[in-house]
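Enquirer: I'd like to go over a predicted model; first the sequence, then the structure.
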Amino acid sequence: MRLCLFQPDIPQNTGTLLRLGACLDIGVDIIEPCGFIFDDKKVKRAVMDYMDKVDCKRHHSWEDFLSYRKENPEQYGRIILLSTKASTNFTKFEYRENDLLLLGRESAGVPDEVHNFADGKVIIPMNENARSINVAISGAMVLSEAMRQIGLFK
């Protein structure tokens with residue numbers, strides 16, 4: 001299982017998700033371009049000294065990511081998009097060990113092309129007056145449910 005960040009905008013969220021990946025032994029893919037310089041001190045502050053402990057792969061574009069996925073089918077399975085436009089509750093979805101949990105940009109989510117490409121789409125139910133949950137918190141919530149379902153917690 002891996003977390004995939006599609007063109008992240010906020011360095012602190014990216015750093016937090018990288019740290020989460022390191023702590024839970026989950027790989028993280030960054031699909032560029034990012035909305036910040038990746039070596040930004042804000043990323044470093046959030047990831048702290050965990051960067052060398054996470055399996056992080058950077059892809060120059062969506063197309064590069066798809067190509068890499070095609071070359072590594074045993075590790076890169078279904079793309080499961082976290083989306084406010086989805087209809088399936090994230091706790092009702094059946095996850096698999098090599099699923100890729102795709103998180104969109106904080107400012108705009110993912111374009112229709114990416115949304116339509118996803119193999120599955122899940123939503124975190126929330127107050128109807130709220131717009132969205134922070135992407136790092138959303139990633140942690142869905143990842144923990146997926147890991148629970150497939151027995152990845154040790």
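Expert: Done, it's in.

Enquirer: CA atoms for contacts and neighbours, from now on please.
Expert: Noted.

Enquirer: Break down the protein into its helices, ranges please.
Expert: Assigned by DSSP state H, the helices in the chain fall at 11-24, 41-47, 62-71, 112-117, 135-150.

Enquirer: quick one: which of these is nearest residue 91?
Expert: helix 135-150 (6.6 Å; CA to CA).

Enquirer: on that earlier part again, comparing the helices of the chain, which yields the minimum mean pLDDT?
Expert: Per-stretch mean pLDDT for those is lowest at helix 41-47 (a mean of 68).

Enquirer: about what we covered before: switch the helices of the chain over to CSV; also include mean neighbour count and distance to residue 81.
Expert: Shown next, in CSV, are those (neighbours: other CA atoms under 10 Å; distance: least, CA to CA, whole Å):
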stretch, mean neighbour count, distance to residue 81
helix 11-24, 22, 16
helix 41-47, 19, 23
helix 62-71, 14, 14
helix 112-117, 12, 7
helix 135-150, 17, 10
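
Enquirer: nearest to residue 99, of those helices?
Expert: Short answer: helix 135-150, nearest of the helices of the chain by CA to CA, at 8.9 Å.

Enquirer: Can I get that closest one as PDB, trimmed to CA atoms?
Expert: These are the backbone C-alpha positions of helix 135-150, laid out as PDB (Å, rounded to 0.1, in the frame of the first residue of the first chain):
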ATOM      1  CA  VAL A 135      -5.400  16.500   3.200                       C
ATOM      2  CA  ALA A 136      -2.900  15.100   5.700                       C
ATOM      3  CA  ILE A 137      -5.600  14.200   8.200                       C
ATOM      4  CA  SER A 138      -7.700  12.700   5.400                       C
ATOM      5  CA  GLY A 139      -4.800  10.600   4.300                       C
ATOM      6  CA  ALA A 140      -4.100   9.400   7.800                       C
ATOM      7  CA  MET A 141      -7.800   8.500   8.400                       C
ATOM      8  CA  VAL A 142      -8.200   6.500   5.200                       C
ATOM      9  CA  LEU A 143      -4.800   4.900   5.400                       C
ATOM     10  CA  SER A 144      -5.500   3.600   9.000                       C
ATOM     11  CA  GLU A 145      -8.800   2.100   7.900                       C
ATOM     12  CA  ALA A 146      -7.100   0.400   4.900                       C
ATOM     13  CA  MET A 147      -4.300  -0.900   7.000                       C
ATOM     14  CA  ARG A 148      -6.800  -2.200   9.600                       C
ATOM     15  CA  GLN A 149      -8.800  -4.000   7.000                       C
ATOM     16  CA  ILE A 150      -5.800  -5.800   5.400                       C
END
